[in-house]
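Novice: predicted model and sequence follow; I will ask about them next.
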Amino acid sequence: MNIRTALLGFALVMIGGAAWCVDANGQLEDPALQARFESITKDLRCLVCQNESVADSNASLADDLRRQVREMLVAGKTDPQIFDYMTARYGEFVRYNPPLEAKTYLIWGAPFLLLLAGVGIVYRIMRVRSRMPIDDGMPDES
C-alpha cells in the first residue's frame, strides 16, 4: 500500500465521521418539557465530539442521548435523576458543569489557587526589587 492510498483512506474516514446522522429532533408537546429538554441537552457533553453539547452535536451517540433524555422526561424523571443516570453511565465527563463536590474542589479551585500564587510571586519580586539599589547605568568618572 502506498502513501497516497493510505492518505486517501484516512481522508475518507475523517469525512465519513463528520457526516454522521442528524437528529430529527421532534418537539415535545409540552412547552415546559421542551424547555427542560433543551436545558438538559445543553448541559450534557457529547462524548464523541467532546467540545459540543449533546444539543449541538450531530453524532449518532448524541442522537441516542437526546432520545434517552426525551424518554426520561416523558416518563416523569426529574432533572437531577436524568443527570445522575447520565453521570453513572458515562462518568463525570458527560457533564459540562459538574457539581461542586469534595472530589471536584481541586478542579474548581485550581484556577483561583494559580491566580493567587501568581499574584504572590509578582508581589514578592516587586518587593525584593524595590529594596535593591538604583543603578544609573553610567560609569563613575573618577
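Specialist: The structure has been received and is ready for your questions.
Novice: quick one: name whatever helix or strand follows whichever strand or helix holds residue 71.
Specialist: Following DSSP states H and E, the helix or strand that holds residue 71 is helix 60-74. The first helix or strand that comes after helix 60-74 along the chain, using DSSP H and E, is helix 79-90.
Novice: quick one: buried residues of that following helix?
Specialist: By neighbour count, and taking 16 or more other Cβ atoms under 10 Å as the criterion, the buried residues in helix 79-90 are 82-83, 86-87. For the C-beta atoms, the positions are set from N, CA and C on the backbone; glycine is no exception.
Novice: dump these to TSV, plus pLDDT and distance to residue 30.
Specialist: What follows is those, written out as TSV (pLDDT from 0 to 100; distance: Cβ to Cβ, whole Å):
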residue	pLDDT	distance to residue 30
82	94	16
83	93	20
86	93	21
87	90	25
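Novice: picking that back up, what is the rounded mean pLDDT of the helix holding residue 71?
Specialist: Per-residue pLDDT over helix 60-74 has a mean of 92.
Novice: how near is residue 58 to residue 66?
Specialist: When distance is defined by Cβ to Cβ, to the nearest Å, residue 58 is 11 Å away from residue 66.
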